[in-house]
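Colleague: The following block contains a protein sequence and its predicted model.
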Amino acid sequence: VWSLLLCGLSIALPAFVRADVCKVISMPNETTSVDGPFAFNCTYPPLTSGEVNITWYKNSSRIPISKHSESRIHQDQTWILFLPFALEDTGIYQCVIEGRNSCHRIHLNLSVHKKYWCNGSRNGLLNLSEEYKQILHVGDDGSLTCHLIFPESCVFDLIKWYKDCEEIKGERFTPLRAMLTVNNVSVEDGGNYACKARLKHMGKTYTVLNGITVNTTERTGYGGNIPKIIYPKNNSIEVLPGSTLIVDCKIIDMRDNTNLRCWKVRNTLVNDYYNESGRVREGIEDPVRFREHISYTVNITFLEVKMEDYDLPFMCHAGVSTAYIILKLPVPDFRAYLIGGLLALTVVAVSVVWLYNVFKIDVVLWYRSAFYSPETMEDGKLYDAYVLYPKPHQESQSHAVDTLVLKILPEVLERQCGYKLFIFGRDEFPGQAVADVIYENTRLCRRLIVILVPESPGFGLLKNMSEEQIAVYNALIQDGIKVILIELGKIDNYTAMPESIQYIRQKHG
Amino acid sequence: KSQKLVATYPQKGNIQDINHRVWVLQGQTLIAVPRKQHTVSVTVTFIACQHQETLEKDRGNPIYLGLKEPELCLFCTKVEEQPTLQLKEQKIMDLYKEPQPVKPFLFYHNQSGRNSTFESVVFPGWFIAVSSEGGFPVILTQELGRANIADFELTIQS
């Protein structure tokens, strides 16, 4: 008896052990409609990718689902197939996947929902929650799919499409295998659709009915896949060194893009380029969504602009699009500078003219004293004028002449005006021969000043003096130097003068 | 230095294929299922790689692609000499902060109208696609066509 019991246990044990070892996996609940065909594939990649044994069970039954294709419920390859599904079929089904060294048990909860199909009382399909949901894009060509997920033993034909219980007809709609293509989608194309397919299996036909809720979206992509950089526009920015600068890169792109947006310098991300200092860095992207596109703002911050930043393109990238900024030192305002400069120039010019008018003589004197050397000038002359004067015997006249020649003329012409005079009796060296002195010094003078005294017995002296003769000879004949006549008192009779003096007077007036 | 990085969060979005199927996480695998009212599809996270200099220019935007909840990232690796798509526990922003591109986690996102493709950076020519076999897993393939649909629509969440 014991051995029999043990024997029985040893037979039963592997089944229990196996059941316990199998890992349980739960699948999401499935619902289907009564009286329609239903199929479920036991797949769980990668578990079911290799060589595995798959067996379907209902509830906790130890008897596998039949593999007879004639059965209403049967296993077909890895599938469980209900032809059709009945109300009493609801419950938990298990699919055991046995590999060489593994075992998995998949739990599937099957329930039913009632499907209303355009039968009087209700217009359209009630249980929308279990229907398929698909999307069409307004303005585009699109397609709807009739999902017919059944094993290969099931063959479909005669797929018909309905919208709100009406069979779909029209040029815009083309059924193609399990798809319905819809050309030039409009908002009105949204709504409740159904696809009805005839399923053939082992000579019998069944009808699969799928409800599809179709929504339309009006969202169209931004024209073209190329992002548009609104700013910068490859422009320069004037900024002073040391200042803080923030520049926004403004981008418009299509909504569903995966473009990288960044700031680069020398083809390196600024965040990498200034990794150490962090002096220049990129801001956080700020997207603003619109119906058809997204706009982004990505800024670049220069905490402190340095000289090395100038004339270097800082590039904003958005996908394949780029645009740069270049920092420039501020250019001074030309007009302001021009007006200011002219004004200053005018003021200076006016003051110079005024000062010149006021201090003309002082300037000339200062100039002379500063730059005129007592040495011979370029013309080889040492003196500005030779003063030729008579030496009257009469006491009063002699005194007047001496005062003029030795006091007034040096005072005015030499001290005040800076001229240099040669006055015989003052400037010659003692011991020199009189004729030589006169001859040489008249040649060193630019002008000859002749002092005339009214007719007097003394005047005759001048007439006879060799001094006068030599000087006048030099002036008139040899050098042709200018002669200045100074009349000391009124002269009534010029005929008494020497002819040379008369000639000079006549010539110069 | 705390402001060193530009983005603080990745962008979020949803992906569906041209057959109105959305991505659902089943165990450690993404599968594509027809969208229904109560379908819990994954929210994908993505962010453009900052260091694109060493990557190809004309294949699309190099992006890191992940899931919001649980925090996983899509990456490509060879399993028995076959490039495959896997999910790995990985913070997407950690990848973003890397000074070099982390190529197994990068995909060239190429947009043409509404359609997006995601091509592996580490295995050029291999695309993320929905396989029509065995429960519609999201796989990596170089054979595009009706059996493997690689055209997706990426919608960014506000």
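Modeller: Sure, I can see it. Fair warning: this is a prediction, and the values are worked out from it, not measured in the lab.
Colleague: Please make it C-alpha for all contacts and neighbour counts, starting now.
Modeller: Will do.
Colleague: Now residue A:323: which helix or strand?
Modeller: Secondary structure from DSSP states H and E places residue A:323 in strand A:321-328.
Colleague: which other helices and strands contact that strand?
Modeller: strand A:228-231, strand A:235-238, strand A:314-318 (3 or more CA pairs under 8 Å, 6 or more residues apart in numbering or on different chains; DSSP states H and E).
Colleague: so how far is the first one from its chain's centroid?
Modeller: Okay, so that is strand A:228-231. 10 Å (CA atoms, centre = their mean, to the nearest Å).
Colleague: again with the longest one
Modeller: Distance of strand A:314-318 from the chain centroid (CA atoms, centre = their mean) equals 9 Å.
Colleague: The biggest strand by length in chain A close to chain B?
Modeller: Counting residues, the longest strand found in chain A (DSSP state E) is strand A:204-217. No. For strand A:204-217, no contact with chain B is found by CA under 8 Å from any CA of the partner chain; the gap never falls below 8.9 Å.
Colleague: Show the average pLDDT along that strand.
Modeller: The pLDDT scores in strand A:204-217 average 92.
Colleague: Let me know which of the helices and strands packed on strand A:321-328 is tucked in deepest.
Modeller: strand A:314-318 (a mean of 25; mean count of other CA atoms under 10 Å in any protein chain shown).
Colleague: Contacts only, for the residue of chain A found nearest chain B.
Modeller: Relative to chain B, the nearest point of chain A is residue A:132 (4.5 Å; CA to the nearest CA). Residues near residue A:132 by CA atoms under 8 Å, 6 or more residues apart in numbering or on different chains: A:210-213, B:34-37.
Colleague: Just the buried residues of those residues.
Modeller: A:210-213, B:34-36 (16 or more other CA atoms under 10 Å in any protein chain shown).
Colleague: Make CSV from these and add distance to residue A:97 to it.
Modeller: What follows is the buried ones among the contacts of residue A:132, written out as CSV (distance: CA to CA, whole Å):
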residue, distance to residue A:97
A:210, 30
A:211, 32
A:212, 33
A:213, 35
B:34, 24
B:35, 26
B:36, 27
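Colleague: Closest to residue A:195 out of these?
Modeller: Using CA to CA, residue A:210 comes nearest to residue A:195 of the buried ones among the contacts of residue A:132, at 5.3 Å.
Colleague: what is the closest one paired to in the beta sheet?
Modeller: residue A:195 (DSSP bridges).
Colleague: Likewise for the one 5 residues further on?
Modeller: Beta-bridge pairing for residue A:215 (DSSP bridges): residue A:135.
Colleague: same question, residue A:263
Modeller: Residue A:263 has these beta-bridge partners by DSSP bridges: residue A:316.
Colleague: Check chain A for its longest helix and report it.
Modeller: When chain A is parsed with DSSP state H, its longest helix is helix A:334-358.
Colleague: got the contact list for that one?
Modeller: With contact meaning CA under 8 Å, 6+ apart, helix A:334-358 is reached by residue A:363.
Colleague: Only the buried residues of that helix, if you could.
Modeller: In helix A:334-358, counting by 16+ other CA under 10 Å, buried: nothing.
Colleague: How far away from the center of its chain is that helix?
Modeller: Taking the mean of its C-alpha atoms, helix A:334-358 sits 41 Å from the chain's own mean (CA atoms, centre = their mean).
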